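Enquirer: What would the 3D arrangement of this be:
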Amino acid sequence: MSQKNETAVLVLALVITLGLGGGIFWWLTKGSGIKVGSFINNESQQNGSTFTSVPNVPSGLFSYGGSTTWAPIRKVADPVIQNDLPRFQLRYTDPTSGAPGSGSGIKMLLNGQLAFSQSSRSVEPGEYQQAKQEGFALKEIPVAIDGIAIAVNPNLNISGLTIPQIKDIYTSKITNWQQIGGPNLPIIPYSRRQEEGGTVEFFVENILGKEKFGATVKFIPTTTQSLREVGNNRGGIYYASATEVVGQCAVKPLPIGRKSDQLVPPYKPPFVPLRECPQRRNELNADAFKSGEYPITRQLFVIVKQNSQSDQQAGEAYANLLLTGQGQELISKAGFVRIR
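Expert: You can find the predicted model right below:
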């Protein structure tokens, strides 16, 4: 056979091979109803990127409760979980007395009222001990990063605060803004009570160094109410989850730092003037939270009851769902910083 004929045969064989391969691919992707994207999705599922890929998700109705800081995550993530995994039914449960919060959620978990709880602080030694007395252990699983932001009135002319200054304000050692470079104006510090939430407990532990609130502090039941008071009072100040503060239109989040020359904003610079809100809002300084450059950050935890029963399975499944790529994306959408 001549070289010319050999070349023709090779070309014909190549065309036939390509045709057969294309036909098979068409049948797989079109004729059989399988989409090309499903191959990518299957790979993502194997890597634990989606809710439906998480193993050992139990069936049934599971009560959970706890931190008010978690509210945006519950609002964004839980409906998607319910849609993707209808057999895993979730019911948020408030305490029968007192305000909801991290502490009350863990208390309800210890008392057998919840399958798992959500917390904006770590489990305390006394809570670990009580669990041990009840015959099980508690495990905290971090799923997100949050920061504490300081809110002041938009008309207050002050560039930022240091951690020691914040402590002195809330222990009533500093009572006038003039003492820290501001106007001659009494400071009105607002807070929820310590027993009402993990954010307050975290603040007392990490900022106040376990000192008591000073006599000038005014206690307000909710963050919404407190932010409203700050917006109406030029001398007001309040602390809360950065998610609850940074995007607000009526208060100004302050840069804070360990020292006066290390001030870091909780919002992504440059600051969006509040007169442009709500058309444009400030966004979280996620990079500073994740790197630890912002000085007041914390983790958000799923608290699991380790009792080798369905409660443990439900708590671990919920944490694992939020740690998937899909869960972390929803956490970011809720305004928190993804931990993965």
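Enquirer: Pull the number of nearby residues for the closest residue to Gly98 other than its chain neighbours.
Expert: Nearest residue to Gly98 in three dimensions, chain neighbours excluded: Ser104, at 5.7 Å (Cβ to Cβ, 6 or more residues apart in numbering). The C-beta positions use only the backbone N, C-alpha and C, and glycine is treated the same way. The tally of other residues near Ser104 (other Cβ atoms under 10 Å) stands at 24.
Enquirer: does Ser104 sit in a helix, a strand or a coil?
Expert: Put simply, Ser104 is helix when judged by DSSP: H, G, I helix; E, B strand; the rest coil.
Enquirer: can you tell me how far it sits from Ile174?
Expert: The gap separating Ser104 from Ile174 is 32 Å, by Cβ to Cβ, to the nearest Å.
Enquirer: The residue nearest to Gly98 and Pro95 touch, don't they?
Expert: Yes: counting by Cβ atoms under 8 Å, Pro95 is a contact partner of Ser104 at 4.5 Å.
Enquirer: which residues are common contacts for these two?
Expert: Residues touching both Ser104 and Pro95 (Cβ atoms under 8 Å, 6 or more residues apart in numbering) are Gly65.
Enquirer: Can you check the pLDDT for Gly98?
Expert: In this prediction, Gly98 carries a pLDDT score of 82.
Enquirer: what kind of secondary structure is it in?
Expert: At Gly98, secondary structure determined by three-state DSSP is coil.
Enquirer: need the contact list for it.
Expert: Taking Cβ under 8 Å, 6+ apart as the test, what Gly98 contacts is 104, 195-196.
Enquirer: before we move on, what about Ile145?
Expert: 289-290, 297-300, 336-339.
Enquirer: try Ser49
Expert: Contacts of Ser49 (Cβ under 8 Å, 6+ apart): 324-326.
Enquirer: which residues of the stretch 101-250 of the chain fall in strands?
Expert: 116-119, 137-152, 161-162, 188-191, 218-219, 236-241 (DSSP state E, counting those that start in this stretch).
Enquirer: Compute the distance between the residue nearest to Gly98 and Glu244, please.
Expert: 19 Å.
Enquirer: mean confidence score for stretch 186-199?
Expert: 92.
Enquirer: Buried residues, that stretch. List them.
Expert: For stretch 186-199, the neighbour count (16 or more other Cβ atoms under 10 Å) marks 187-192, 194, 196-199 as buried.
Enquirer: Is Thr223 in contact with Ala242, as I believe?
Expert: No: assessed by Cβ under 8 Å, Thr223 is found out of contact with Ala242, at 11.8 Å.
Enquirer: more neighbours, these two?
Expert: When Thr223 and Ala242 are compared for neighbours, Ala242 comes out ahead with 29 against 22, by other Cβ under 10 Å.
Enquirer: got the residue ranges for the helices in this protein?
Expert: With helices called from DSSP state H, the chain shows them at 3-26, 36-46, 71-84, 102-110, 125-134, 163-170, 198-206, 223-232, 242-245, 286-291, 310-322, 325-333.
Enquirer: Need the strands of the stretch 101-250 of the chain in a markdown table (columns: distance to Gly209).
Expert: Shown next, in a markdown table, are these (distance: least, Cβ to Cβ, whole Å):
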| stretch | distance to Gly209 |
| --- | --- |
| strand 116-119 | 21 |
| strand 137-152 | 15 |
| strand 161-162 | 14 |
| strand 188-191 | 16 |
| strand 218-219 | 20 |
| strand 236-241 | 15 |
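Enquirer: Comparing these, which comes out most buried?
Expert: strand 116-119 (a mean of 29; mean count of other Cβ atoms under 10 Å).
Enquirer: contact partners of that one?
Expert: Residues contacting strand 116-119 (Cβ under 8 Å, 6+ apart): 62, 64-67, 70, 73-74, 102, 105-106, 108-109, 140, 198, 300-305, 311, 314-315, 318.
Enquirer: swap the cut-off to 6 Å and go again
Expert: 64-67, 70, 102, 105-106, 109, 198, 301, 303-304, 314-315 (Cβ atoms under 6 Å, 6 or more residues apart in numbering).
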